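Undergrad: task: produce atomic coordinates for the following.
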Amino acid sequence: MFQNFVDFVGVRLLRSGKAFSQYYVVPDKSFDLDALGLAAAENEGDEPPPPAAANDDRDEWEDLPEPAPTTPSPPDEGRPADHTYESDSPLSSLPSSPDTSRPPSPTRPAPASGLDHAISGCGRKRRRKEHGRKNRIKQRKTEPRTEPSYERQRRHAQIIVRSVPKHVEFNLRKAPATKTGFRARYEGETRRTFTRQELEEQGFVYFPWDGRETVPIVTPNIDGKETSNVVIACLAGRPSDGAKSGRTPLEADWTTATSSLADAIERQRSRTTFGKAARDHRRGMFGAQAQGISHGGGQLRPANLKHSKTMTKVLLFLVALPSMIRAAHFSSSVYGTWAPLIHALSGDTLDALLASDPDLKRNFEASVWACITINFGPRTVTFPHRDYANLAFGWCAITALGRFDPDKGGELILWDCKMIIRFPPGSTILIPSAILKHSNTRIALSERRYSVTQYTAGAIFRWVEHGFQLDKAYYASLSKAEAAKDAKTAAGRWRRGRAMFSKFDDLVEAAEAKLKGKSASK
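TA: Model prediction:
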């Protein structure tokens, strides 16, 4: 028997100490790390806690202002001038494997654990680091999130009051959320696309959205005794380019900006390559990559996604473009208008995560989502799917880009609502992508369609709620009484999440009060 690898391959040592062998080292091309990571994430589920004993027409929309990008400098090649707009992913496309080799980030004390977490005498450097972490958390708590200006709030109120909701049938109580509510249940896949005609023959209803009008999607509330319409999604449209938008003359109009963004994505697509898992996945057959903070799929802690050197430059370049920033901030602003409670939870969770680990970097200053996926296409048409790894009651933003005929393809299909929505390039739609099955209709071979999506993994909410630690450490820190209380809390999380969806009548009432208050003050 061979005692070691050296004996097995016949390696001999030279006088210089270097190893020499007659064999060549050949990489195994069938080994695909991205595919293994994808499979691990697909198979990940919510593990039950161990037993207690175990230790446009609406020009009032205005996207938020664009701060100077804080990301590293993008590549010089093809970089647009500062005053121009330049620049695809199924929803929440699974990212490349992040770097998990870094030591764990500082953690908060486990909730109500009763344990003494005082910092032991481990040196002045460690005490300073812990003190700095606590100061960052305290500062983020005492400094309120930037609120929209009063005039912007008033314009948003006008949009709500004047909006005409689209009624659909969807039972939130029967949505496929896991029992902990952090994510949705995985279901079987359908690896094919459909045409509008095929779906209409199955009883689907076509909604000819113009891509500009803001249309809330509402469904009857069946949780309570009272009948009310709950907003479960929003056809956001696009930000204003009007005189009241506050935008400077140097900034391109929205159509020009999004067209330039699509062109930039197309150019950058030709400058990089996509592994098999990034171009043939359960959401479709097109190139897709994610940028931002991810957690799940076996990660030991949340981390910024890692890519090849070329892909990193491409993603940083695209995310830093003014048009991309504007699209991201606009989506987050719409989120806060139509789902303010879920928006606030998402923002607070991201703020707490960033305060706990200074190594984490957000994509956009005024967006509450932790991650963005860019679908590089060139023909981004998704299969029917749910983004089950996202927060079950969280919303995802989808912005369509490219050059295709929206009257002949590229529509958004909401399978649970049996609805086909016209989805023009340059427009944005927000949906709870973890519980609503969705896909796109086919486009012509000669057409190009890209998209960008923003979302936050459900595992990030779990990490923060569990005191910035993995489940194993969290549950081990609980007493029997605390474990029982936690089990009760987990069982009610999905119910509480459903209650965070806004009632349309409540939004209208609050908007009318804001508008009346403005009139009375004049």
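
Undergrad: excluding sequence neighbours, find me the nearest residue to S356.
TA: Of all residues not flanking S356 in the chain, F468 sits nearest, at 5.0 Å (Cβ to Cβ, 6 or more residues apart in numbering). (Each C-beta comes from the backbone N, C-alpha and C, glycine too.)

Undergrad: give me the neighbour count for the one you found.
TA: 23 (other Cβ atoms under 10 Å).

Undergrad: check which helix or strand covers it.
TA: Using DSSP states H and E, F468 falls within no helix or strand.

Undergrad: equivalent analysis for W369, please.
TA: Short version, using DSSP H and E: W369 is in no helix or strand.

Undergrad: neighbours of it, just the number please.
TA: Neighbours around W369, by other Cβ under 10 Å: 27.

Undergrad: OK, contacts around it?
TA: Listed by Cβ atoms under 8 Å, 6 or more residues apart in numbering, the contact partners of W369 are G292, A328, S332, S346, L350, N363, C396, A397, Q454, Y455, T456.

Undergrad: partners of the nearest residue to it once chain neighbours are set aside in the sheet?
TA: Leaving aside its sequence neighbours, W369 sits nearest to Q454 (Cβ to Cβ, 6+ apart; 3.9 Å). Using DSSP bridges, the bridge partners assigned to Q454 are I372, A397.

Undergrad: surely Q454 and F330 touch.
TA: No. The criterion here is Cβ atoms under 8 Å, and Q454 misses it with F330 at 10.7 Å.

Undergrad: okay, those two: which has more neighbours?
TA: Regarding Q454 and F330, a neighbour count based on other Cβ under 10 Å identifies Q454 as having more, with 28 against 25.

Undergrad: now that one: how far from V464?
TA: 18 Å (Cβ to Cβ, to the nearest Å).

Undergrad: now do F170
TA: 28 Å.

Undergrad: do the same with T255
TA: T255 is 39 Å from V464, by Cβ to Cβ.

Undergrad: what do you get for I159?
TA: From I159 to V464 the distance is 32 Å (Cβ to Cβ).

Undergrad: and E365, how many residues sit next to it?
TA: E365 has 16 neighbours, counted by other Cβ under 10 Å.

Undergrad: dihedrals phi and psi, it?
TA: phi -60, psi -40 (degrees, to the nearest 10).

Undergrad: do you know the pLDDT at the residue nearest to P432 when sequence neighbours are not counted?
TA: Nearest residue to P432, sequence neighbours excluded (Cβ to Cβ, 6+ apart): W395, at 5.4 Å. Looking at W395, its pLDDT stands at 99.

Undergrad: isn't W395 right next to I342, touching?
TA: Yes. In this structure, W395 is within contact of I342 by Cβ under 8 Å, at 6.3 Å.

Undergrad: shared neighbours of these two, which are they?
TA: Residues touching both W395 and I342 by Cβ under 8 Å, 6+ apart: Y335.

Undergrad: so between the two, which is more surrounded?
TA: Looking at W395 and I342 with other Cβ under 10 Å, you find the greater number of neighbours at W395, namely 29 against 21.

Undergrad: state the distance from that one to H466.
TA: For W395, the distance to H466 equals 23 Å [Cβ to Cβ].

Undergrad: what's the answer for P425, then?
TA: Applying Cβ to Cβ to P425 and H466 gives a distance of 41 Å.

Undergrad: now swap in S477 and tell me
TA: S477 is 9 Å from H466, by Cβ to Cβ.

Undergrad: would you mind listing the buried residues in stretch 406-418?
TA: The neighbour-count check on stretch 406-418 (16 or more other Cβ atoms under 10 Å) flags P406, G409, G410, E411, L412, I413, L414, W415, D416, C417 as buried.

Undergrad: averaged pLDDT, that stretch. What do you get?
TA: On average, stretch 406-418 scores 98.

Undergrad: and for stretch 220-229?
TA: Average pLDDT, stretch 220-229: 69.

Undergrad: which residues of the stretch 251-400 of the chain fall in helices?
TA: 254-269, 276-279, 309-319, 322-338, 340-356 (DSSP state H, counting those that start in this stretch).

Undergrad: tell me which of those sits most buried.
TA: Comparing the helices of the stretch 251-400 of the chain by mean neighbour count (mean count of other Cβ atoms under 10 Å), helix 322-338 comes out on top with a mean of 25.

Undergrad: what's that helix packed up against?
TA: helix 150-162, strand 229-237, helix 254-269, helix 340-356, strand 396-403, strand 428-431, strand 448-455 (3 or more Cβ pairs under 8 Å, 6 or more residues apart in numbering; DSSP states H and E).

Undergrad: give me the number of residues near E187?
TA: Using other Cβ under 10 Å, E187 has 12 neighbouring residues.

Undergrad: also G203?
TA: Neighbour tally, G203, other Cβ under 10 Å: 7.

Undergrad: for it, what are its contacts?
TA: K418.

Undergrad: now name the helix or strand holding it.
TA: Using DSSP H and E, G203 falls within no helix or strand.

Undergrad: and it, backbone torsions?
TA: With angles defined as degrees, to the nearest 10, G203 sits at phi 100, psi 10.
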